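Participant: Need coordinates for the following:
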Amino acid sequence: MRRLVAMLLASAGLSGAGPALAQADVSARIAEARVARPEAFARLRGIVDAARLAPLERRSLRSLAAQMRAQGLYPMLALLQPGAPELAALRAEHPRRAAVLEGLLLDAVGRLRDPAASDTLRAAVSRAEPEVAEAAARGVGRLCLDDDLAFLEANGSPAATSGLGFCRRPATGAALQRRLVAAPEGPALVAAAQAAGNWGSSWAWEALGPEAGSASLGERRAVAQALVARLATAPAEARTEIVRALLLLDLPETPELAAPLDESAPEAAALLRARWNARR
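Facilitator: This is a model prediction of the structure:
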C-alpha cells in the first residue's frame, strides 16, 4: 500500500514532454479533433447542458471528471478557449456551477501533462474563482518544464504557490524556500507550507527512484530548514501546516532541526517532536 500511495503522489509531479505549442497550432488541432471525434465534443456539451438544468452534486464530481478525461485533450481544450459558447452560457446563468465544471476540466487537462495545454492553463491561473485558478496552477506544476516553474514563481498568488507543490523537481525547492521566507504570516504562509509538503513528500521522491531522491536531498533539507525557521512565530493554522509539511518530508534529522527552537519557541519545538515521535 505504501508503494502504491507513493506512485500516486509521484504522478503529481512528473514533467510533460516537449515544448508548448503555439496557440495557432492548438486551434488547428482542436479543429482537426472536431472532425475526427465529433462524439467527444457532443458528450462534453451534454455535460455542460446537464449542469444548466440541474445543480451539480458533490458525489457526482469524480464521475464527471472521469467522463471529461475520457474525451481527450483537444475536445476539453475547445471548451476552455476564450469565447467558447458552452461555458459562457453556463457562466451567465449559473456562475458557481460554471466555476466547478471549469475547475474539473482544467484539472483533467492538467493530469494529461501535455504541453499543448500550457497557454490555456496559465491563462486560468489568474482567474478569480479559487477552484479554477488552483486547478490551472496544479496543471502548470504538473507540466513542470523550465518555463512552467518560472511562471509559477513569478506569480505570487496562493494558487501559483499551490502549483509549485506539483512541480516535483529539485529546482522547485529553491522557489519554495523563497516563498517560505517571503510569505507573510497568514494564508500565504499556509499555502507555502502546504506546497512544500506536497513537493517534498518522501513517498513521492521514493517512487521516482533512488537517483531522483538523491538529487533532491539537498533541496529538501534546505526546504525543511526554511519551514523550521518559520515555525517559531507562525500562528496556529500555519504552524499546523508547517509541522505537517516537515512530517511529509520525513527527513531523519528533523528532530535535530528543532533544536534552535528550544529556547526561542519551546512550544513549537515540543509540538514538532511530539508529532514526529507519534509516527514512529
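
Participant: can you tell me how far S60 sits from D25?
Facilitator: Distance, S60 to D25, by C-beta to C-beta, to the nearest Å: 34 Å. Quick note: C-beta positions are derived from backbone N, CA and C, even for glycine.

Participant: What helix or strand is the residue nearest to R91 when sequence neighbours are not counted located in?
Facilitator: For R91, ignoring the flanking residues on the chain, the nearest one in space by C-beta to C-beta, 6 or more residues apart in numbering is A98 at 3.9 Å. If you go by DSSP states H and E, A98 is part of helix 95-111.

Participant: Which SSE is immediately downstream of that helix?
Facilitator: Following helix 95-111 in sequence, per DSSP H and E, is helix 118-124.

Participant: hmm, who's touching that next one?
Facilitator: Contacts to helix 118-124, defined as C-beta atoms under 8 Å, 6 or more residues apart in numbering, come from residues 20-21, 23, 26, 77, 80-82, 102, 106, 109-110, 132-133, 135-137, 139-140, 143, 145, 147-148, 151.

Participant: same question, stretch 52-60
Facilitator: L64, A89, L90, E93, H94, R97, V100, L101.

Participant: ok, now stretch 70-85?
Facilitator: Here stretch 70-85 has contacts from 26-27, 29-30, 32-34, 37, 40-41, 43-44, 48, 68-69, 86-87, 102, 105-106, 108-109, 112, 114, 116-117, 120, 123-124, using C-beta under 8 Å, 6+ apart.

Participant: Let's see that with 6 Å instead.
Facilitator: 29-30, 33, 40-41, 43-44, 86-87, 105, 109, 112, 114, 120 (C-beta atoms under 6 Å, 6 or more residues apart in numbering).

Participant: Repeat that for stretch 232-250.
Facilitator: By C-beta under 6 Å, 6+ apart, stretch 232-250 touches 185, 189-190, 193-194, 196-197, 200-202, 220, 224, 227, 231, 254, 261, 264-265, 268, 272, 275.

Participant: again, 7 Å this time
Facilitator: 185, 189-190, 193-194, 196-197, 200-202, 220, 223-224, 227, 230-231, 254, 261, 264-265, 268, 271-272, 275-276, 279 (C-beta atoms under 7 Å, 6 or more residues apart in numbering).

Participant: Just the element for A222, please.
Facilitator: Using DSSP H and E, A222 falls in helix 210-231.

Participant: Averaged pLDDT, that helix. What do you get?
Facilitator: For helix 210-231, mean pLDDT is 92.

Participant: And the residue nearest to R279 when sequence neighbours are not counted, which helix or strand is it part of?
Facilitator: Leaving out its chain neighbours, the residue that sits closest to R279 by C-beta to C-beta, 6+ apart is L247, at 6.4 Å. For L247, the element it lies in under DSSP H and E is helix 236-249.

Participant: Now the following helix or strand past that helix: buried residues?
Facilitator: Note on helix 236-249: by DSSP H and E, the next helix or strand toward the C-terminus is helix 254-257. Buried positions in helix 254-257, judged by neighbour count with 16 or more other C-beta atoms under 10 Å: T254, L257.
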